[in-house]
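Let's see this in three dimensions:
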Amino acid sequence: GDTEVLGESADCHYQAGRSPEAMLLYMQLTQLHPEDLGNQVRFLSLLNRAGALSDVVTRGREVLQRDTLIPVLTLVGDAFNKMEQPDSAMHYYGAALRRRPRNASVISKMSNILLERKDYDGALSLAENYLALDSLNIDILRIKGLAYYLKENWMLSADAFELAVELGDDTYAPHYYLAKDYSGLHMFREADEHFMRAWQLDSTRASLALEIAVNRTNGIAAYRTGVVPWFEKALKMMEPDSTLMSSIYQNYATAEYTRMDWDKAISLYQKAYEYNQKNISALSTFGYC
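Prediction:
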């Protein structure tokens, strides 16, 4: 009876998000009934949440000697991942994936490690194997799209992100990467559509305003009314990061240069050089103007 009351109380605290109280009770329950694996998993997840990562590894390995539970494999993998031990994390994530191949969450975590290592083919292999079982999973389509984007295969990246958007993923990332893909394919109007949707979803990035301006210099919009305001917007938004400021002025100046507005181009190239005096091309083009 007492154990039941303890269990109900622990569960109540757990569900309400009162982690310290729940942790104390689950610790008592795991000592009283070490064979109850449900309590062990709850206790491990609370330890993980509290950042007691070495405890997660130690206790998790003890539980795994009794039963190779997928949630425990994943929690131990998460702990190693947070401790920046990706090889150990991959070992436990891989074991979880072998037991349940349709585990999108584990594939996402493994893919993030592979993408950080620039193992784009490894991430693609994981994504493709999963999509063979479930071709409409948005999270895995994003991984596929990003891996192809990083491989500079704009067409296959666009295919994956387009399908994600068709399936209802109307968030910043797929629109941004679709814009980059279409820009890479010189499909500047399609790129502009997705850049503009990305801007609607997040208008806090000066770098995005610059990318919209640069893409629009390819004849997408009237120059004075459709391009210049985006350069100006990027400049107004920027905190003075000299490298990015120089890049904005350089691109703006080049746009004016191609239109043979020499006076405007000169003042902009001068600004580009002021922000980054290693920018010799700004200086030489300034001289030409």
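
And the longest helix seen in the chain, what's buried?
Secondary structure assigned by DSSP state H gives helix 242-258 as the longest helix of the chain. Across helix 242-258, burial judged by 16 or more other C-beta atoms under 10 Å covers 244-257. In this view, the C-beta of every residue, glycine as well, is placed from N, C-alpha and C.

And the next helix or strand past it?
For helix 242-258, the following helix or strand on the C-terminal side (DSSP states H and E) is helix 262-275.

Now that following helix - C-alpha only, PDB.
Taking Å, rounded to 0.1, in the frame of the first residue of the first chain, the C-alpha atoms of helix 262-275 are listed here in PDB:
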ATOM      1  CA  TRP A 262      29.400  55.300 -60.800                       C
ATOM      2  CA  ASP A 263      28.900  58.000 -58.100                       C
ATOM      3  CA  LYS A 264      26.600  55.700 -56.000                       C
ATOM      4  CA  ALA A 265      28.900  52.700 -56.500                       C
ATOM      5  CA  ILE A 266      32.000  54.800 -55.500                       C
ATOM      6  CA  SER A 267      30.400  55.800 -52.200                       C
ATOM      7  CA  LEU A 268      29.300  52.200 -51.400                       C
ATOM      8  CA  TYR A 269      32.600  50.600 -52.300                       C
ATOM      9  CA  GLN A 270      34.300  53.200 -50.100                       C
ATOM     10  CA  LYS A 271      32.000  52.100 -47.200                       C
ATOM     11  CA  ALA A 272      32.800  48.400 -48.000                       C
ATOM     12  CA  TYR A 273      36.500  49.200 -47.700                       C
ATOM     13  CA  GLU A 274      36.000  51.300 -44.500                       C
ATOM     14  CA  TYR A 275      34.400  48.300 -42.800                       C
END
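
Now do it against helix 242-258: the angle between them, please.
160 degrees (axes from the mean of the first three to the mean of the last three C-alpha atoms, to 10 degrees).

for helix 262-275, packing partners?
Using 3 or more C-beta pairs under 8 Å, 6 or more residues apart in numbering; DSSP states H and E, the elements in contact with helix 262-275 are helix 242-258, helix 280-288.
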